[in-house]
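Colleague: Take this sequence and fold it.
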Amino acid sequence: MTLPEVFQALGEDAFRQQVRSISIGRLRSYQLLDRLKTRCHLAKLNTETLRKAAPRLWARLAERDLDLAADLAQAILVSNLEMIGAVLDFLGVAHTDGFFDKDDSVQAQLTDGWQQRAWDKFHKIYPEPVLLFYLNHLACEVLKGDEVFSPAHD
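Modeller: Coordinates of the predicted model:
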C-alpha cells in the first residue's frame, strides 16, 4: 500500500484533521517548512493557508501524488512525535525521540494484533485520525502491508 492510498482509505475528514495537527514550529525545527511549502504549491505556509489548501491537497492525493504524500506524512509525524514515542515505547520498539533505525528489526515487536492494542491504549489520549494514520503509516513502512487498519471500537 502506498501513502496516498493510506490517506485515501482513512478519508477526507480524517485528512483535514491530520493537516490541522501540523505544527509550523516543528516544521521549522526540522527544516521542513520550505520543502512542504514548495510541495503544496503555496506562496506562504502557515496554519491558515495549509487548512485552506487541504481540499486541493486531497485532490492531488487522489491522483496518487507520492511526493506530496511523503512530505505531508513527514510533516504530520514530526508534529506528533510525543504520540509516536509513546506508541513505540508501548510496542517495545527502541527509538530516540520517536525515530528508530530502519535497519533495526522493528518487525519483531509488531506481533499479531499490535495495531489494535496500540489503538486501545492511545485512542482516548491522542487525536484519533492522527493515531490511526501513524499506525497505518508504520505498518506500510515497516511491514509493507497491503491492508488499511480499521480499529474495532470498544
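
Colleague: Please tell me how far stretch 91-108 is from the chain's geometric centre.
Modeller: The chain centre lies 16 Å from the centre of stretch 91-108; the measure is CA atoms, centre = their mean, to the nearest Å.

Colleague: For it, measure first residue to last.
Modeller: The straight-line separation of the ends of stretch 91-108 (CA to CA, to the nearest Å) is 10 Å.

Colleague: which parts of it are buried?
Modeller: By neighbour count with 16 or more other CB atoms under 10 Å, stretch 91-108 contains the buried residues Leu91, Val93, His95, Gly98, Phe100, Val106. Placement of C-beta: from N, CA and C, glycine included.

Colleague: what's the answer for stretch 46-54, then?
Modeller: The neighbour-count check on stretch 46-54 (16+ other CB under 10 Å) flags Leu50, Ala53, Ala54 as buried.

Colleague: same thing with stretch 17-33?
Modeller: 17-24, 26-27, 30, 32-33.

Colleague: Next step: those restricted to helices.
Modeller: Gln17, Gln18, Val19, Arg20, Ile24, Arg26, Leu27, Leu33 (DSSP state H).

Colleague: isn't the fifth one right up against Asn46?
Modeller: Yes: with contacts defined as CB atoms under 8 Å, Ile24 counts as touching Asn46 at a distance of 6.0 Å.

Colleague: show me where this protein has helices.
Modeller: 3-10, 12-20, 24-29, 33-39, 47-62, 66-78, 81-91, 114-122, 128-138.

Colleague: Compare these and give me the one nearest Pro151.
Modeller: helix 114-122 (4.3 Å; CB to CB).

Colleague: got the contact list for the nearest residue to Lys37 once chain neighbours are set aside?
Modeller: Closest residue in space to Lys37, ignoring its immediate chain neighbours: Leu45 at 3.9 Å, by CB to CB, 6 or more residues apart in numbering. Contacts for Leu45 (CB atoms under 8 Å, 6 or more residues apart in numbering) come out as Ile24, Leu27, Leu33, Leu36, Lys37.
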